[in-house]
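J.: I'll drop the sequence and a predicted model, then ask my questions.
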Amino acid sequence: MQKKTKETAPSGREVIRTLAGSIREFKGASVATPIIVTGEVVMEVAIPFVTAQLINSIQAGASLSEMLPYAGVLVAMALASLTFGIGAGITCSQASCGLAMNLRHDVFAAVQRFSFANIDQFSSSSLVTRLTTDVTNVQLAYMMVIRTAIRCPLLLLAGIVMAFIMAGPLALVFVVIVPVLGFGLYKVVRTVHPIFRSVFHKYDALNESIEENVTGMRDVKSYVRQDYEKERFGRAAQDVCADFTRAEKILALNTPMMNFAVYAVFAVTLQFGSYLIISSQGTTLNVGQLSALTTYGFMILMALMMVSMVFAMITMAQESAERICEVLTTEPTIKNPAHPETEMRDGSIDFDNVTFKYSEKAEHRALAEIDLHIKSGETIGIMGGTGSAKTSLVNLISRLYDVTEGSVKVGGVDVRDYDLEFLRNNVAVVLQKNVLFSGTIKENLRWGNPDATYDELVEVCKLAQADEFIQQLPKKYDYYIEQGGTNVSGGQKQRLCIARALLKHPKVLILDDSTSAVDTKTDALIREGMRSYLPETTKIIIAQRTSSVADADRILVLDNGHVAGLGTHEELMESCPFYRDTYLAQNRTSLDDEAGAEKDEKDEKGAPAASAAPAKGGEA
Amino acid sequence: MSSNTHRGRAPKSMGKTALRVLRMMRGFYPVMLPAVACCILVQCIVQAMPNVFMERALTVVGQTWESGDWATAQPQVLANAAILAALYFASLICNAVWQQCMAIITQGSLKKFRCLMFDHMQDLPIRYFDTHQHGDVMSYYTNDIDAMRQMIAQSLPQLFLTMLMLCSVGCIMLWYSLPLTLVVVAGAAVMALLGKTLAGRSAKNFLRTQRAVAAVEGLVEEVMNGEKVVKVFSHERQIEAAFDELNDEFREAACTANSYANTLMPILMNSGNLLYVIVAVAIGVLLVVGAPNPSLSGMGLTIAVGVPFLNMTKQFAAQIGQISNQVNAVVMGLAGAERIFELLDEPVEQDEGYVELVACTIDRDGTVRECDRRSGDWAGQWAWKHPHQADGTVTYTPLAGDVRLFDVDFAYEPGHTVLHDVSLYAKPGQKVAFVGATGAGKTTITNLLNRFYDIEDGKIRYDGININKIKKPHLRHSLGVVLQDVNLFTGTVMDNIRYGRLDATDEECVAAARLAGADDFIRRLPDGYDTMLTDNGTNLSQGQRQLLSIARAAVADPPVMVLDEATSSIDTRTEAIVQRGMDALMAGRTTFVIAHRLSTVRNSDVIIVLDHGRIIERGTHEELIAKRGTYYQLYTGAFELE
């Protein structure tokens, strides 16, 4: 995936333009910050200047009446500087936190506009990183930039100018030392950056291996591999540690370098400063100015240090900015048409010569030249092995993906002409990889219809065979479902997902392997429920078990993107070897003994036995 | 993945935690850490000295500048400048040395903390992992270690340096003038108080921010993982509104926290400026009034003393700023350290076993003799070595694979018994199947056999030995477990198979793969057995991963197997292949099967039907079908099996 990022990496200017688009209402704070900072810098530069006057006044004999005006000015300046400082601190945090909020909003909103194809392109964990770590990196860099982009060059310039004004030729010492130090700092950042970049990948791998151990702890302990894992981890940790140490050692050169520069300036100033004062008898330079000079020296060097920090920060944030930008500039591959259709005649579905590939460039055709016509209200079962494109086929109906060639029509209208939200509200899909969200059962169900009454909720749950277990939960319909639905079983989750889809009263209902964890009896009851509750609705059922589709009006058998059979159960038992084999394999164990025969009998009777209480007797 | 529930909490006992961190670091680097301290000490003393020499040079200048006689002043000025240069040089060396050492210490300590945590984690009981969210455990290694890094690398040395600087500069100030020093100290105290208040507010808000972050991250993770469902239900706008609400709260909290942090420096810096003016005026007043100047040196107050004194005032004030700046990092770092200690203080898994599994030869008359090498398969080659404490004798029992449960009661939490009075046996080579609805206690039994959990009452015997007496590693070596959730580790396919037995040769691994029916698909992988698996083998299908886990168990080759069948739906063909692999693995071993589909249990020697933790039926398939009880109902599909 990193590779992909590289290929499509937008240019630096584009990245900045895209990100700048998210400043919006925080433009004021963003512009105010450097302006206020400028005021702060002016004060910072002026203070030593006035201080020098103060010192000279002390030296000159220091009558308080001479000193106090200077002191007063200094106090006023310090207060002004304080005000500016506080102001800049607040505006800059408003600007940066605001930008971060807008970026998160924009990325989140962009993902909401994504099509399934777009989502496939980014992994969900990479989207999470973009929304969290990457935004934080950009935020920190932005805060640094608006605070220091003006401040540092200004301080640098002002410092040097003031030094020249005050000390004339002595200020040349800065002209020599600044480029030397600047070069040194630049070198350090440049050397360290690639090391950090590579070590962060190793660091991620290290954390992944921890996660592997946490989730796989049962295996580690079963195979008594604790010592092996400890040793393996120790080695990887040592490797990461060595790389980090190398980088940090280089980074640690910054301070001594900086100190060297300060010391050099200090020593030279003292040496030649003294000479200048004495030889010119205080006309070229006086003691106050000498003291101010050291202050400016320090100021100049700090500014340089700051520049190198900002530089480092920007390089760090660069990658993050690019990754955010990638999401923001990704065009949704599926968009609403200009004049969307918001009427749907009925639930008939027509596949006309449909070919589908997951990407333009892909060689493999997931679906090839499919012609399929489904009448409104019909129940269609779909079977086929792994990779036979069952899911790909149904995904085209609610326009989760667009066809590559041909067309898909619902109610006689091409799905690409419908309003997207309207289409999806009328074509309900229960996905194979389904998800419940943290919240109560009620809240989850109302995804299907926000205005559903309590009675309606109960009704659909009864149909989906979910009401019974919900009634046994502590708070019933107010039972809180944890993130990822971890506190309900797989079968319960599937039934809730079906109920949620039923609430939509769709024209077309698609169940993509949605009852795999539900027993056959309940499965049959759910299908029965759908038939009575939504008689007009076209129902498409993808399943692994033949029992789930045997009673459908027609069954479609797919093989590697082609239609391998279409017809009723009886017809396919005759004509389709795949279907027949699957049916026999699944029913062998239950057919070849008396229990199987018994079961068939029962099934035919309509099977009220399902509600029979489990035999509690016969305890051991 | 990460639920972050334990973030955003203030540290409870900072002092104790700080001491513990320091003690541990001293343990890690007994020489280097004091060396760093020495270097910092020297640097601080040296850094305070320039003021003295500046004073001396300026005195010379002050005496001679009116005459303009550079020639007389030169030697004195030069001498002072030379000493100054020498001191600078020393300071530079010290600085460079401790900075380099600190880079080593920081990363080294973090590594050691990581390894300590990881090693400790490996020894924790399974109960720990069952009762803690994985995201929380991960957060120790990521968030908390990060917080510690900041503290160790920057805050600790900085604080130490600052303290020393304050002391040394303070001493020199006293050398020159007591009254002025008092002025500076009083001013600094006010600044420190100001800094403390602000930093405290900032830290409080940063903790609040962390909670807001956790909320945003939780939603983001959930939505990004369920994005397709959001779209299918056209729920984009609602979810966006929910996100915006949390997002705005996060911004608000972060903005407040950052505002405090950002204004801290200007406030302290300008308080420093004000202090500077106050001292300057004080000097002026003292000079004008000509007040006595009590000092360590006994020097009177002159302009030559005044100028460096003002410099020192600046240095002193700057240090106060430094301390306040580090407070946040220290609070966060200690909070992280405290949580890390929480993990390190978790009690580890206990093992009082003393019976060992040893390699042996068995003579024809049945005498068991210990030997030290393993060859061939397990049968007749391993024995339990059982030392009897009472009489000091040792008995050997050949490893056979006979497992018996006697009246076993078990509860995950005291009071909530999930298994009642379970008794059963499996003779060597027999196959026992557990059947029952969700929550009947099937999977619990696996947890007991290999002692992931200890039973509350009753007894479990392996080859006639109470499993509590067997050393846990030895017990687990003698049991193979294939879990329904397959966990693969980063590494090659071969590495993953060899996980079962580290000294297995490549040929043995391939043979195991062939037995499991995995050889076929492995050979079709891009690099065959050398294909790298990452991210828990996501590049493999569910069925393929299951086959690998079977091969892994086959390589371990234990006499007793526990197979927890997969629940997830795999297509019929793959299921048949997996089933064949399982059957091959079961052949000739005592096997416990936890059945999620009934097609696999028919040929079991005994089928145990569990309901709410009790055995309600037992017998062969035919017997149970004839009985028309729960098994019959399950078999005909009336209940969910999961």
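T.: Sure thing, it's come through.
J.: The stretch 1-150 of chain A: helices as residue ranges?
T.: For the stretch 1-150 of chain A, applying DSSP state H, counting those that start in this stretch gives helices covering A:2-7, A:12-20, A:27-59, A:64-113, A:116-121, A:124-129, A:135-148.
J.: if you skip the residues just before and after it, what's nearest to the residue in chain B that chain A sits nearest to?
T.: The nearest approach of chain B to chain A comes at residue B:266, 2.2 Å away (C-beta to the nearest C-beta). In this view, the C-beta of every residue, glycine as well, is placed from N, C-alpha and C. Once flanking residues are discounted, residue B:266 sits nearest to residue A:85: 2.2 Å by C-beta to C-beta, 6 or more residues apart in numbering or on different chains.
J.: What count of nearby residues applies to the one you found?
T.: 25 (other C-beta atoms under 10 Å in any protein chain shown).
J.: and what of the one 4 residues further on?
T.: Residue A:89 is flanked by 25 other residues according to other C-beta under 10 Å.
J.: Now do the contacts for it.
T.: If you count contacts by C-beta atoms under 8 Å, 6 or more residues apart in numbering or on different chains, residue A:89 has them with B:259, B:261, B:262, B:263, B:264, B:265, B:266.
J.: could you flag which of the residues you listed are buried?
T.: For these, a burial check counting by 16 or more other C-beta atoms under 10 Å in any protein chain shown picks out B:259, B:261, B:262, B:263, B:264, B:265, B:266.
J.: Just the ones of those in helices?
T.: B:259, B:261, B:262, B:263, B:264, B:265, B:266 (DSSP state H).
J.: now, among these, which is nearest to residue B:623?
T.: residue B:261 (74.5 Å; C-beta to C-beta).
J.: residues contacting that closest one?
T.: Neighbours of residue B:261 in contact, by C-beta under 8 Å, 6+ apart: A:89, A:93, B:202, B:206, B:328.
J.: now, which of the residues you listed sits nearest residue A:21?
T.: residue A:93 (20.9 Å).
J.: Could you double-check that that closest one sits in contact with residue B:258?
T.: Yes: taking contacts as C-beta atoms under 8 Å, residue A:93 lies within contact range of residue B:258: 3.5 Å.
J.: what residues are shared contacts of the two?
T.: residue A:143.
J.: With pLDDT added, can I get the contacts of residue A:89 in CSV?
T.: CSV is the format used below for the contacts of residue A:89 (pLDDT from 0 to 100):
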residue, pLDDT
B:259, 89
B:261, 83
B:262, 85
B:263, 86
B:264, 84
B:265, 81
B:266, 84
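J.: Pick the one among the residues you listed closest to residue B:409.
T.: Ranked by distance to residue B:409 (C-beta to C-beta), the contacts of residue A:89 are led by residue B:261 at 56.8 Å.
J.: any idea how far residue B:215 is from that closest one?
T.: Distance, residue B:261 to residue B:215, using C-beta to C-beta, to the nearest Å: 21 Å.
J.: Could you do residue A:343 as well?
T.: To residue B:215, residue A:343 is 41 Å away according to C-beta to C-beta.
J.: returning to that earlier point: name the member of the contacts of residue B:261 with the shortest distance to residue A:252.
T.: Closest to residue A:252, out of all of the contacts of residue B:261 and judged by C-beta to C-beta, is residue B:328, at 22.0 Å.
J.: what secondary structure does that closest one sit in?
T.: Classification of residue B:328 using DSSP: H, G, I helix; E, B strand; the rest coil returns helix.
J.: Make JSON lines from the contacts of residue B:261 and add distance to residue A:189 and pLDDT to it.
T.: As requested, those are arranged in JSON lines below (distance: C-beta to C-beta, whole Å; pLDDT from 0 to 100):
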{"residue": "A:89", "distance to residue A:189": "26", "pLDDT": "89"}
{"residue": "A:93", "distance to residue A:189": "25", "pLDDT": "91"}
{"residue": "B:202", "distance to residue A:189": "28", "pLDDT": "79"}
{"residue": "B:206", "distance to residue A:189": "27", "pLDDT": "79"}
{"residue": "B:328", "distance to residue A:189": "25", "pLDDT": "72"}
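J.: who's in contact with the residue in chain B sticking out farthest from the centre?
T.: Using C-alpha atoms, centre = their mean, the residue of chain B lying farthest from its centre is residue B:67. It sits 71.5 Å away. When contacts are counted by C-beta under 8 Å, 6+ apart, residue B:67 touches residue A:281.
J.: what's the distance between it and residue B:303?
T.: Applying C-beta to C-beta, the value for residue B:67 to residue B:303 is 17 Å.
J.: do the same with residue A:14
T.: The spacing between residue A:14 and residue B:303, counted by C-beta to C-beta, is 60 Å.
J.: Repeat that for residue B:231.
T.: Distance from residue B:231 to residue B:303, counting by C-beta to C-beta: 78 Å.
J.: The two: which is more packed in?
T.: residue B:231 (26 against 20).
J.: That one reaches residue A:400, doesn't it?
T.: Yes: with contact defined as C-beta under 8 Å, residue B:231 reaches residue A:400; the gap is 7.1 Å.
J.: Now the common contact residues for the two.
T.: The contact sets of residue B:231 and residue A:400 overlap at residue A:116 (C-beta under 8 Å, 6+ apart).
J.: Point me to the residue of the stretch 151-300 of chain A nearest chain B.
T.: Closest residue of the stretch 151-300 of chain A to chain B, C-beta to the nearest C-beta: residue A:216 (3.2 Å).
J.: how many other residues sit next to that residue?
T.: By other C-beta under 10 Å, 23 other residues sit near residue A:216.
J.: can you check residue A:76 too?
T.: If you count neighbours by other C-beta under 10 Å, residue A:76 ends up with 12.
J.: and residue 492, what is it in contact with?
T.: Because you didn't say which chain, this covers chain A. A:466, A:469 are the contacts of residue A:492 under C-beta under 8 Å, 6+ apart.
J.: Chain B, not that one
T.: By C-beta under 8 Å, 6+ apart, the residues touching residue B:492 are B:527, B:529, B:530, B:531, B:532, B:533.
J.: try it again with 10 Å
T.: By C-beta atoms under 10 Å, 6 or more residues apart in numbering or on different chains, the contact list for residue B:492 reads B:498, B:527, B:528, B:529, B:530, B:531, B:532, B:533.
J.: before we move on, what about residue B:29?
T.: Listed by C-beta under 10 Å, 6+ apart, the contact set of residue B:29 reads B:35, B:36, B:101, B:104, B:105, B:108, B:109, B:112.
J.: For those residues, which ChimeraX command selects only the ones that are buried?
T.: Per 16+ other C-beta under 10 Å, the buried members of the contacts of residue B:29 correspond to this ChimeraX selection:
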select /B:36,101,104,105,108,109,112
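J.: restrict the contacts of residue B:29 to contacts with chain A.
T.: When contact is defined as C-beta under 10 Å from any C-beta of the partner chain, the contacts of residue B:29 meet chain A at B:101, B:104, B:105, B:108, B:109, B:112.
J.: Tell me which helix or strand the closest residue to residue B:272 other than its chain neighbours sits in.
T.: Leaving aside its sequence neighbours, residue B:272 sits nearest to residue B:317 (C-beta to C-beta, 6+ apart; 3.3 Å). Following DSSP states H and E, the helix or strand that holds residue B:317 is helix B:303-344.
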